[in-house]
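[1] Mind looking at a prediction? Sequence and model below.
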Amino acid sequence: MLVAAAVCPCPPLLVPEVAAGAAAELDAARAACADAVAVLAAARPNLLIAVGPADEEARGRYHAGATGSFREFGVDLEARLGDGPEQDRPLPASLTVAAWLLDRNRWGAAPVEALGVGMSLGVDQCAEAGRDLAGRAERVALLVMGDGTACRTLKAPGYLDERAAAYDREVARALGAADVEALMSLDESLAHELQAAGRAPWQVLAGAAEGASLEGRLLHEDAPYGVGYFVAAWS
């Protein structure tokens, strides 16, 4: 059963060593992420599962001990997912950021594993995956990684799209209210057009939260690089 969830953005720039001189620009987001992870620990879960977007090759489950690297971003730094034997399959970028967040905040409250979610996964498949995760232990917590639209400004990765701000406002509202139905209603095609990488992980969260009656809080919202970043806690 899902007892808590934290929603965090997953840009590698969240890691100060990657952001370098621009690290201070995401200080507020990092602090909010720390608060969200603290909510997970306070829920005393039996199992923590990190969920994040992944390309088709990186989809699927990852066990404790899996590692990811930030070398492709110019930094000789690795992040390890909990305690476990070393594994050959590397974590995708979103779950590498999740592992970094957990390590930075000294996670030790429960065993950890992860799920890479294909960004093309339909809403029904996402919801079913969420239900499966919620049934994995008596008390399950989720760390859900994902960014909003990448089309908020002219300099954004996806350029400016006038629909992006409204999309992100609805996502922020739904995450802050733990509105499962609203997250389930996010349009897959529109999310693809607006490059909202968090759509599938948020819908996995919605599936996991069905019937859990959790309350949500929006801890942070911003779009410093033309990309929507949200931090929320459900408990």
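    Received, thanks.
[2] any idea how far the most centrally placed residue in the chain is from Ala172?
    Of all residues in the chain, the one closest to the mean position by CA atoms, centre = their mean is Met145, 0.7 Å from it. Look at Met145 and Ala172: by CB to CB, to the nearest Å, they are 16 Å apart. Placement of C-beta: from N, CA and C, glycine included.
[3] ok, now Glu128?
    Going from Glu128 to Ala172 by CB to CB gives 26 Å.
[4] so the residue nearest to the centre of the chain makes contact with Pro201?
    Yes: between Met145 and Pro201 there is a contact under CB atoms under 8 Å: 6.2 Å.
[5] Now for these two: what residues contact both?
    Counting by CB atoms under 8 Å, 6 or more residues apart in numbering, the contacts common to Met145 and Pro201 are 51-53, 94.
[6] worst-scoring helix or strand of the protein, pLDDT-wise?
    helix 16-19 (a mean of 93; mean pLDDT, DSSP states H and E).
[7] Off-centre distance for the helix or strand immediately after it in the chain?
    Downstream of helix 16-19, the first helix or strand assigned by DSSP states H and E is helix 27-42. Using CA atoms, centre = their mean, to the nearest Å, the mean C-alpha position of helix 27-42 is found 12 Å from that of the whole chain.
[8] Helix 27-42: which residues count as buried?
    Within helix 27-42, the residues that qualify as buried are 29-30, 32-37, 39-41, counting by 16 or more other CB atoms under 10 Å.
[9] quick one: which two of these are the most distant?
    Comparing every pair within those by CB to CB identifies Ala29 and Ala41 as the most remote, at 19.1 Å.
[10] quick one: the helices in the chain?
    Here the chain has its helices, by DSSP state H, at 16-19, 27-42, 93-104, 123-134, 164-177, 180-184, 188-193, 199-209.
[11] For Leu81, which of the ones you listed is the nearest?
    Among these, helix 93-104 comes nearest to Leu81, with 4.4 Å by CB to CB.
[12] Which residue, neighbours along the chain excluded, lies closest to Leu183?
    In space, and not counting its chain neighbours, Leu183 is closest to Ala206: 3.9 Å by CB to CB, 6 or more residues apart in numbering.
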